[in-house]
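1. next input, structure requested:
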Amino acid sequence: MEEGEELGGYRLIRRLGTGGAGTVWLAEDGGGTRVALKAMHPALAASEESRTRLERETRTVNSVRSPFVAHIVDAETEASQPFVVSEYVDGPTLAEILVSGPIPLRGVAAMSYHLASTIAAVHHANIIHRDIKPSNIICSPRGPVLIDFGIAMAVEDQHLTRTGLVSGTAGYTAPELLQGGHATKESDWWAWCATLLSCATGRPPFGKGDVTATMLRVIEGDPDLAGLHPMVADALAGGLAPDPDDRPSPSLIVAELMSAVGWAPGELDYVTVNWAQLLDTGVRTQSINSDPQEIAAPPEWDEAASRPDASGARAVAYPVHARRDASEFTAANDHTEQVDTASVAWDEHEWDDDPNDVAWHDDAADTWQAVNDADPTEVIPPYD
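-> Got it, this is the predicted structure:
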């Protein structure tokens, strides 16, 4: 296939990438809407197993209720050239950002918080992603979007992966999987920690070189922590422990990373609105290698539409309306997506003017609680 050709009513604009299962294209439908189209490699099209896997990916992705997952809008798995079409998410992958070096620690903390909420939504749908890594995370202005559910599976479908057959990427595949164990939510959280470590160092989490040597370091629990802030090193080392029972909860890791960069839990609303500028995804003008202290501290709330950032070179957009109090979130409970026991809430009917409104669901009181009104010691959700 070439640029300009059509497939299933979609015009191929340019190739976005090629993987083991197919090629992903930026495409356009008949109405001019841009989408991401993944066409299966012709060599795999004759395989019934490959088609089944593509069908499973379609079902898997669309069972996850999260604004940070690119949902599938069309699929043709029975055609001579099978393909799936998903929402197009504009932005670089995390792997592309890390080519320039490590992310400032404030950005690592922001990433931990946002990506954890997305993974929690995936797990709430009873799905295990199994391939969480920087190249499968798109850093869009709205937040980190998790992509490529090609090897994801439902928790009850563990028989689809035979013992000893490892799907994933060396350095981002949990030690229990390398030793023939089944994929679990804990193995996804391990990969989340490996991804955060790569963000903090700008290096592969378990070193470069021979794949066998990398796998051995994973199994032995020997990550590359050189040069890290002690609190960050301790938090991520714990999350990368070889034994799942020895790993702290994701919520605790997020809290420790927030503490390491000097953020109180009550400042998570700032992270939510302005996370992209902390990663230098085109919103912030400072170098990605800037010292964390060069990034502006969370500003006080202001009803103005924008405020200059620390350099004065670019404005940071704020919601144009006043913050809502907790009672409004409670009233909206009937049409708000609950993606986990305590997780990001998006009211599609009321908040179309601003996708940055966020709340947490308090299961004990069965109410939605605005971040800015929440108890600052309880804002970080229990992801596990």
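
2. let me see the mean pLDDT of the helix or strand containing residue 35.
-> For residue 35, the host element (DSSP states H and E) is strand 34-40. The average pLDDT for strand 34-40 rounds to 89.

3. residues in contact with it: which ones?
-> 1, 7, 10, 12-13, 16, 21-29, 50-51, 54, 70, 73-74, 81-89 (CB atoms under 8 Å, 6 or more residues apart in numbering). C-beta here means a position set from N, CA and C on the backbone, and glycine is covered the same way.

4. likewise for stretch 17-32?
-> By CB under 8 Å, 6+ apart, stretch 17-32 touches 1, 7, 9-16, 34-41, 44, 50, 53-54, 83, 85, 88, 148, 150.

5. and after the strand holding residue 35, which helix or strand comes next?
-> helix 42-45.

6. just the CA coordinates for that following helix, please, in PDB.
-> Below are the C-alpha coordinates for helix 42-45, written out as PDB (Å, rounded to 0.1, in the frame of the first residue of the first chain):
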ATOM      1  CA  PRO A  42      -0.400  -9.500   4.100                       C
ATOM      2  CA  ALA A  43       1.700 -12.400   5.300                       C
ATOM      3  CA  LEU A  44      -0.500 -12.700   8.400                       C
ATOM      4  CA  ALA A  45      -3.900 -12.100   6.600                       C
END
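
7. burial count for residue 145?
-> 23 (other CB atoms under 10 Å).

8. over to residue 235?
-> 26.

9. that one contacts residue 249, correct?
-> No - look at residue 235 against residue 249 with CB atoms under 8 Å: they stay out of range, at 11.2 Å.

10. quick check: buried residues in the strand holding residue 35?
-> 35-40 (16 or more other CB atoms under 10 Å).

11. just checking: what are the partner strands of that strand?
-> strand 22-28 (antiparallel), strand 83-87 (antiparallel) (DSSP bridges).

12. now mean pLDDT and mean neighbour count too, for the ones you listed, in a markdown table please.
-> Putting the strands paired with strand 34-40 into a markdown table (pLDDT from 0 to 100; neighbours: other CB atoms under 10 Å) gives the following:
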| stretch | mean pLDDT | mean neighbour count |
| --- | --- | --- |
| strand 22-28 | 89 | 21 |
| strand 83-87 | 88 | 22 |
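
13. turn the ones you listed into CSV, columns for distance to residue 137.
-> Below are the strands paired with strand 34-40 laid out as CSV (distance: least, CB to CB, whole Å):
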stretch, distance to residue 137
strand 22-28, 15
strand 83-87, 15
